[in-house]
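Student: predicted model follows, preceded by the sequence.
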Amino acid sequence: MHTGHYISGAGHLGLIAFMLFGRVFTPDPEPFEMQEVSVLSAAEFDALVAASQSPQQASEVEQPVAPAPPTPIPEVAATPDSAIQQPPPIQSETPPPDPTPQVAEQTPPPAADVSDTAPESPEPPAEVAVLVPEVAPVAVPRPVERVAPEAVAQPDPEARPDVVEQQATTPDAPAETVVEEAQVATAPEEATTEIVTEAAETPKAAPNQSPRPPARRPTPPAPQVAEPVEVPTPTPPTPTPTPTQPAVDTDAVAAALAEALGTPDTPAATAPAGPTGPPLTSGEKESLRLAVSACWNVGSLSSEALRTTVVVSVAMNQDGTPQTNTITMTSSSGGSQAAAGQAFEAARRAIIRCGSRGYQLPLDKFGQWQNIEMTFNPERMRIK
Amino acid sequence: MILRVLSTCLALLCALAVTGTAQAQQGPLRIEITEGVIEPLPFAVPSFQPESGDAGQLAVDLARVVSEDLVGSGLFREIPASAFISTVSDFNAPVQYADWKAINAQALITGAVSVSGNSLNVKFRLYDVFSGAELGSGLQFSGTVDGWRRMAHKVADAVYSRITGEGGYFDSRVVYVSETGPKENRQKRLAVMDYDGANVRYLTDSSSIVLAPRFSPSGDRILYTSYESGFPRIYVLDIGSVQRRVLESADGTMSFAPRFSPSGNTVVYSLTQGGNTDIYTMDIGTGQSTRLTNTPAIETAPSYSPDGSRIVFESDRSGSQQLYVMSASGGEAQRISFGEGRYGTPVWSPRGDLVAFTKQNKGRFHIGVMRLDGSEERLLTASFLDEGPTWAPNGRVIMFARETQGAGGSSSLYSVDISGRNLKPVRTQEGGSDPSWSPLQN
């Protein structure tokens, strides 16, 4: 019955004994530093002590030789300076007095249509206590030549926008390790997101009203310039006619070849008639939209053209470049035919310019973007 | 039976839906571009080709003036000749579009010049480089050798018009008040120059104060105010013969701030009589005058709308200087300016859609534009003193006078695009004020 007590008591005793004698509560010995020492003999110690004492005898230092007596200064017979002969002053005749200037009678200026009161000076602002803002003032954009959707800071003075746009080289497929000079891309041209006028600058003092009044020889005949005459458009050189080839029924030949090879009439290389692949993602569409936007320059458009929306259709090549001869204006709205023409020219330039290297479009979805219809709406650009 | 019909209908609907989806996918990819860039259009203009022995220098000078005109508009940027890859050695040679594309030239201007005696012949072509085609047909101008600058301006006008779709303004002149001497003793005389400051000619001497010259719609006459008689009087000056005559007004009155009507037969002006200033019109042929306003307020600076049906003017009838529009025959006026500050010297745009004005607010002077209902007010400039706007013939550019602060301050002419861009001084030999832009020359 007391077996459990015995076991428990033995266990506790064992535990107490382990804690007392098992160095459980004994602190670890303090760490100590090890230093290497060297053992000296008595003779070596005496030699060291003797070397540290000051010398008992001082050696003499040679005294410097006294300088030789100075060379006696030769006596110089001092003779008084002779007086400089001054030339006698030349007597000039007294100039005749200046004639009395004839002053024309001053006529008072005509009465101006202005009030005698001086223009009011701008009153200086009253001195008031101003709390220092806790945040830095908002930077005011300065006027620059380019307005773009994204502002571009002024490039570093050492990096200037170049006429010809250059792109930084990117390494091709890994090949032999060749150390090349790093090429820097053309600095992006400085741009703001909206037109900044002078009126946005810091105010300066100015008069309250204009000091001007309230309202405010023969010439040669104007040079004659005749009415303009149209210059005929140069005609490209007519190509030399090639020798006439004997007429060959190519269709029949192709049909015979197709029949012999067992291929269908339609060549396999032609573009697919319908869409292939999944639709473009919104990101892919946005990428195309941004690419065209970067070249859509409306800065030279007329006010009416800036109110004209044009819809332009274009057929694309598989490498992402536009087929320039297929760019046509499908429709327009908001302006006259002439304004639509100007707006279309700007849109066409944008498509061709930024598409010259090919738009970044997925080739496996070529059927989706083989034909693109772009709507150029300048409404948001008009208010910048 | 019903189930069979329903299932058939469902099958048909599904087939239609699939067909519709397929047709939708077969349409072109549609995107909308709403954001672009606003920047000068880069162009290249190689030196024109001399087609006669003595046309070499003229060919160079003509191309230079054409380039300066286009660049000066702020809408174009010239590509320097040092960047050219190919040259144009023959006016009729085919254009190497790839070479011009490579330097990002979006427009290419080629030209040729020939001189025969005193006659000058200039022809040019404009190419849209990225479209690989000529933009419009080539044009040819003939004139006298001494008018070579005008011919260059005409070429630039044609290029500007074809690219922007707006009329040009380079072949135009500006009449202004030339100012010399210190501020307290400034000499003023009327002068006329090309829009770019070239070919300055003085029309009056500095014996009397002259103010506010205004071109007639045909560009052959000038209205101005002179204190020659001791009181301000309005004069009409014929530019060709330099003959002038005063527009008669009653003794003891002061007439000023004249401006032609679009027909050129009527003058609208301000007349001060008995301490009250109102707006009148006068038939130049008969001298018959008509009073348009009759209020105790000061009403001045009238300007006709392009169709001659309305007049915009400034008045302090509301207690502060504001802009008003009324019928050309007078009657009730409608206030159009409601912003802070004072508005004055309104000028109606040649297009008829905007009014340019001078505004004084918070210690600064501004040149601004607004619509006829007072909306879309836009301040284009800000300085110690800007005033006296005048419109370019195409309604795209505004010229005005800017005076600098201090005893040594001077007045000079500036121009700015109606968007507020391309603010720049106009080159004049001396100081200038009160500019008035002529219409395009014939």
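Tutor: Okay, I see it.

Student: for the rest of this, base every contact and every neighbour count on C-alpha atoms.
Tutor: OK.

Student: give me the low-pLDDT residue ranges for the chain?
Tutor: As the question left the chain open, I've gone with chain A. Applying pLDDT under 70 to chain A picks out residues A:1, A:23-37, A:49-141, A:155, A:157-188, A:201-227, A:229, A:231-276, A:383-384.

Student: not quite, go with chain B.
Tutor: Checking chain B against pLDDT under 70 turns up B:1-26.

Student: now the helices for it?
Tutor: B:2-26, B:56-72, B:97-102, B:148-164 (DSSP state H).

Student: ok, which stretches of the stretch 251-384 of chain A are helices?
Tutor: A:282-293, A:337-354, A:366-369, A:379-382 (DSSP state H, counting those that start in this stretch).

Student: so how far is stretch B:222-232 from its chain's centroid?
Tutor: 27 Å (CA atoms, centre = their mean, to the nearest Å).

Student: with just CA atoms, put it into CSV.
Tutor: C-alpha atoms of stretch B:222-232 as CSV (Å, rounded to 0.1, in the frame of the first residue of the first chain):
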residue,chain,number,x,y,z
ILE,B,222,-4.0,102.8,-89.8
LEU,B,223,-6.0,104.5,-87.1
TYR,B,224,-4.2,106.1,-84.3
THR,B,225,-4.5,108.7,-81.5
SER,B,226,-2.3,111.8,-81.5
TYR,B,227,-1.8,114.7,-79.2
GLU,B,228,-0.6,116.9,-82.0
SER,B,229,-3.4,119.5,-81.4
GLY,B,230,-2.9,119.4,-77.7
PHE,B,231,-5.9,117.2,-77.2
PRO,B,232,-6.2,113.5,-78.2
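
Student: so which bits of it are buried?
Tutor: For stretch B:222-232, the buried set under the neighbour-count rule, 16 or more other CA atoms under 10 Å in any protein chain shown, comprises B:222-227, B:231-232.

Student: likewise stretch B:58-76?
Tutor: B:58-76.

Student: help me confirm that residue B:299 comes into contact with residue B:275.
Tutor: No - taking contacts as CA atoms under 8 Å, residue B:299 lies outside contact range of residue B:275: 11.9 Å.

Student: neighbour count winner among these two?
Tutor: residue B:299 (26 against 12; other CA atoms under 10 Å in any protein chain shown).

Student: the buried residues of stretch B:58-76: which ones sit near chain A?
Tutor: Restricting the buried residues of stretch B:58-76 to those near chain A by CA under 8 Å from any CA of the partner chain leaves B:75-76.

Student: neighbours of residue A:156, just the number please.
Tutor: Count around residue A:156 with other CA under 10 Å applied: 9.

Student: let me redo that: residue B:331
Tutor: 12.

Student: was I right to think residue B:372 contacts residue B:354?
Tutor: Yes - the criterion here is CA under 8 Å, and residue B:372 meets it with residue B:354 at 6.1 Å.

Student: out of the two, which sits in the busier spot?
Tutor: Neighbour tally, residue B:372 and residue B:354, criterion other CA under 10 Å: the higher count belongs to residue B:354, 24 against 19.

Student: residues in contact with the closest residue to the more buried one other than its chain neighbours?
Tutor: Leaving out its chain neighbours, the residue that sits closest to residue B:354 by CA to CA, 6 or more residues apart in numbering or on different chains is residue B:371, at 4.6 Å. Applying CA atoms under 8 Å, 6 or more residues apart in numbering or on different chains, we find residue B:371 in contact with B:353-355, B:377.

Student: and which of those is nearest to residue A:151?
Tutor: residue B:377 (24.9 Å; CA to CA).

Student: that closest one and residue B:368 touch, don't they?
Tutor: Yes - the pair residue B:377 / residue B:368 is scored as a contact, 7.0 Å apart, by CA under 8 Å.

Student: these two: which is more packed in?
Tutor: residue B:368 (26 against 18).

Student: hmm, residue B:359 and the more buried one touching each other?
Tutor: Yes - using CA under 8 Å, residue B:368 is in contact with residue B:359, at 7.1 Å.

Student: next, the contact list for the spatially closest residue to residue B:77 that is not a sequence neighbour, please.
Tutor: Excluding the flanking residues, the one nearest residue B:77 by CA to CA, 6+ apart is residue B:42, at 4.5 Å. Each residue near residue B:42 by CA under 8 Å, 6+ apart is listed here: B:76-79, B:104-107.

Student: tally of neighbours for residue A:38?
Tutor: Using other CA under 10 Å: residue A:38 sits among 4 other residues.

Student: ok but it is inside a strand, no?
Tutor: No - assessed with DSSP: H, G, I helix; E, B strand; the rest coil, residue A:38 is coil; it does not lie in a strand.
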